[in-house]
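Trainee: quick one: sequence plus predicted model below, questions after.
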Amino acid sequence: MGRLKEHFTRFLGPHQLKQRENNANHGKFRGKYRQATSAGHNNFKIPALLKRQSRACYLATTMRLLICGIFLAFGLSGEENVDLFVVNRIKHEAFENSKVIDNAFYLTDVYGPRLTGSPGLQAAGEWALKQLGQWGLADAKLEKWGPFGRSWYCVRFSAHMKEPQYSPLIGFARPWSPGTNGPLSGEPVLAPIRTEADMEKYKGKLKGKIVLLEEPRPSEPVTTVLMRRLSDVELAAEALAPDPSPSSPFASPIPRRATQGPAPYPGYIPGKPFDREKAQHWRNRVNKFLRDEGALLTLIPGYGTDGGTIFATAAGSRELKDEVPPPSVALTREHYDRIGRLLEKKTPVTLEFDIDNRMGDVAKDSFNVTADIPGAGKKDELVMLGGHLDSWTGGTGATDNAAGCAVALEVVRIIKTLKLEMPRTVRLALWTGEEQGLLGSKAYVKEHFADRETMTLKPEHRKLSGYFNLDNGTGKIRGVYLQGNDMMRPIFESWLAPFKDLGASTITIRNTSGTDHLSFDAVGLPGFQFIQDPAEYSTRTHHSNMDVYDHLLASDLMQASAVMASIVYDTATRLEMLPRKELPKPEPKKKPVESGKESESGPQLISEAGGSRSAQR
């Protein structure tokens, strides 16, 4: 209210002063007029000059008020209309009556892991549908897309060292590798394969062996904390526009985990764009070689940290055309390195595995979960929010990305519980196939909005105001990436202002990649991912066996739910749709790389072959 008075005072100041002057003259004149009329003098004359001054000031003031009103009505004051009463209600519901951690429990402890094509993912999708129906959302459904490829899930896993002394081994079966058809015992052999020359080197030496595919790497003492928040210095650096020079020290001011382990394909340069198809082609070559040579099983150490944590993803491919690897296992680094040291000292080692993996032999479709809160007045216009429902299989997919889905579910529950009226329709979407290249969200965007290859737009393209994504772990929201859309800066500044005391205030022009907002941004639609505290995302949980419920931060998820619910509400009630960048040019599918077809997701930086999470700035 104070700001509104300031606008009026600044805009009408001189005329208000003149009006006060005239009011004073009018006051004196009215006194004389009342005296004259009460005495029976009906021919009292109003001075013409006073009439003219009064009329002129009245017209001028009226015009100024009208113009100022138009400025304010159309948002030309530079501020968004934020309903703080609604924000307060959202905060209260998010913090006092939260269901977000309950959502996360079901998605992880009950239905995790949730690899695309697995029974766990199907059950999680059906559970989400049931919840959305109970909360009163409309048109809740599993919207089919596909084909995805072959299904895969693990039913049983056990791993042991039998000699020189018995020891259980910590590990897990890697997706799209077969089982062992019962207990399998064998001797390990070290055979790192990086090039075609390595294949020649180990030819004829791997039959009946358990193959260690990487050199042992001694563990180093952990000297930094695994759980952390973004500092004010880091956030300030993130808010700066990036230096366009290739060697910019600001290329990635928020530290990301460095990729460890072997190059995913010959010629790969760390830090350069990753070519998913080249990696797949090389993986096919290695898998075929290992199968032809008669390897019993392959082992890799988890990349990244140690302490029993294993970061690893797929050994094979969902594509029916790709080579199936031998049974494949990721072990914790300490156990892997022990085997390596025993081999180095030529000490006999026997390992035993019993793995039951179920892998399909036909290409199946997948689905996205969608549901609506219908709008009133502009119900054909959309505001979307979501995250990806699928996960990898080492843990239960808690921080990647049950956290984001639990928050998105909580957002729509809050809006429905508070019975907030919104002109636009709000649509929730929980994607699948994200870990294989944003497949579910890409298919949805192509079906509903635009074809990226031709940039042929569908009618719904002009009806989407914006999409908001959450997929960087359990950490609280600290701000938002503008994806190069500077027109959104003043809008987000106003929207995030009520959450400054909760730590959400950083706005950066930078891009972030590796998740589903890119599918929208790629066809010129406003798509945004939030900046989040790292927590233990890169140090303990991302794509690891420790990505479990225990590493979720309930208070952070509550904060994220409040921020996201408020921004979705602001978007759905805003007078105008969100401003857009210029439409991108068509991007035809590129020619196949070597013997494979072009990647579905295109070149990108990824943390490990088979799963993307990058910081392309």
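Mentor: Thanks, I have the structure now.
Trainee: quickly list the domain ranges of the chain.
Mentor: Using automatic domain parsing, the domain ranges for the chain come out as 2-73, 84-148+366-573, 152-220+255-359.
Trainee: take those and write them to JSON lines, including mean pLDDT, mean neighbour count and distance to Ala237.
Mentor: Using the backbone N, CA and C atoms, a C-beta is placed for each residue, glycine as well. JSON lines is the format used below for those (pLDDT from 0 to 100; neighbours: other CB atoms under 10 Å; distance: least, CB to CB, whole Å):
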{"stretch": "domain 2-73", "mean pLDDT": "48", "mean neighbour count": "12", "distance to Ala237": "31"}
{"stretch": "domain 84-148+366-573", "mean pLDDT": "98", "mean neighbour count": "22", "distance to Ala237": "9"}
{"stretch": "domain 152-220+255-359", "mean pLDDT": "92", "mean neighbour count": "18", "distance to Ala237": "11"}
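Trainee: ok, which of those comes nearest Asp243?
Mentor: domain 84-148+366-573 (11.3 Å; CB to CB).
Trainee: if we can go back for a sec, turn the domains of the chain into CSV, including distance to Glu238.
Mentor: As requested, the domains of the chain are arranged in CSV below (distance: least, CB to CB, whole Å):
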stretch, distance to Glu238
domain 2-73, 29
domain 84-148+366-573, 5
domain 152-220+255-359, 11
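Trainee: nearest to Lys590, of the ones you listed?
Mentor: Comparison of the domains of the chain against Lys590 by CB to CB identifies domain 152-220+255-359 as nearest, at 9.2 Å.
Trainee: picking that back up, which one of the domains of the chain lies nearest to Leu583?
Mentor: In this view, those are compared for proximity to Leu583 by CB to CB, and domain 84-148+366-573 is the closest at 4.2 Å.
Trainee: how far does the closest one stretch from start to finish?
Mentor: Its start and end residues considered, domain 84-148+366-573 measures 13 Å (CA to CA, to the nearest Å).
Trainee: pick out the residue nearest the middle of the chain.
Mentor: Nearest to the mean C-alpha position of the chain, by CA atoms, centre = their mean, lies Asp471 at 2.9 Å.
Trainee: how about that residue: what's its closest non-neighbour residue?
Mentor: Of all residues beyond its chain neighbours, the one nearest Asp471 is Thr515 (4.2 Å), with distances taken as CB to CB, 6 or more residues apart in numbering.
Trainee: surely the one you found forms part of a helix?
Mentor: No - counting by DSSP: H, G, I helix; E, B strand; the rest coil, Thr515 falls outside a helix, being coil.
Trainee: the residue nearest to the centre of the chain is in what secondary structure piece?
Mentor: Secondary structure here is read from DSSP states H and E; on that basis Asp471 sits in neither a helix nor a strand.
Trainee: which residues touch it?
Mentor: 387-388, 400-401, 404, 434, 515-516, 529 (CB atoms under 8 Å, 6 or more residues apart in numbering).
Trainee: so which of the residues you listed belong to strands?
Mentor: For these, membership in strands holds for 387-388, 529, with DSSP state E as the criterion.
Trainee: tell me how far the residue nearest to Asp471 lies from Arg478.
Mentor: Taking CB to CB, to the nearest Å as the measure, Thr515 and Arg478 are separated by 16 Å.
Trainee: for Cys154, which three-state class applies?
Mentor: Three-state assignment for Cys154 (three-state DSSP): strand.
Trainee: what bridges to it?
Mentor: Assessed by DSSP bridges, Cys154 has beta-bridge partners Asn357.
Trainee: correct me, but it touches Thr393?
Mentor: Yes - distance between Cys154 and Thr393: 6.5 Å, which falls inside the contact criterion (CB atoms under 8 Å).
Trainee: quick one: contacts for Glu214?
Mentor: So, once contact is read as CB under 8 Å, 6+ apart, Glu214 ends up touching 192, 261-262, 300-301, 336.
Trainee: and the furthest pair within these?
Mentor: With CB to CB as the measure, no two of the contacts of Glu214 lie farther apart than Pro262 and Tyr336, at 13.6 Å.
Trainee: skipping adjacent residues, who's closest to Arg174 in space?
Mentor: Leaving out its chain neighbours, the residue that sits closest to Arg174 by CB to CB, 6+ apart is Ala315, at 3.7 Å.
Trainee: likewise Thr512?
Mentor: Closest to Thr512 by CB to CB, 6+ apart is Tyr481, at 4.6 Å.
Trainee: quick check: phi and psi on that neighbour?
Mentor: For Tyr481, the backbone dihedrals (degrees, to the nearest 10) come out as phi -90, psi 130.
Trainee: re the thing from before, closest to Tyr537 among the contacts of Glu214?
Mentor: Minimum distance to Tyr537 across the contacts of Glu214 is 18.6 Å, recorded for Gly261 (CB to CB).
Trainee: what segments of the stretch 251-400 of the chain are helices?
Mentor: Across the stretch 251-400 of the chain, reading from the start of the chain, the helices by DSSP state H, counting those that start in this stretch fall at 276-293, 333-344.
Trainee: so which of those gets nearest Pro175?
Mentor: helix 276-293 (12.5 Å).
Trainee: who are the packing partners of that closest one?
Mentor: Helices and strands in packing contact with helix 276-293 are listed as helix 196-202; criterion 3 or more CB pairs under 8 Å, 6 or more residues apart in numbering; DSSP states H and E.
Trainee: quick one: the helices in the chain?
Mentor: When assigned using DSSP state H, the helices of the chain occupy the ranges 2-38, 48-73, 84-96, 100-105, 119-134, 196-202, 232-239, 276-293, 333-344, 403-417, 439-448, 489-496, 517-521, 554-573.
Trainee: quick check, Arg318 in contact with Ser118.
Mentor: No - counting by CB under 8 Å, Arg318 stays clear of Ser118, with 11.1 Å between them.
Trainee: overlap in contacts of these two?
Mentor: Common contacts of Arg318 and Ser118 (CB under 8 Å, 6+ apart): Trp152.
Trainee: tell me how far the residue nearest to the centre of the chain lies from Phe367.
Mentor: In this structure, Asp471 lies at 18 Å from Phe367, with CB to CB as the measure.
Trainee: equivalent analysis for Pro526, please.
Mentor: As defined by CB to CB, Pro526 lies at a distance of 25 Å from Phe367.
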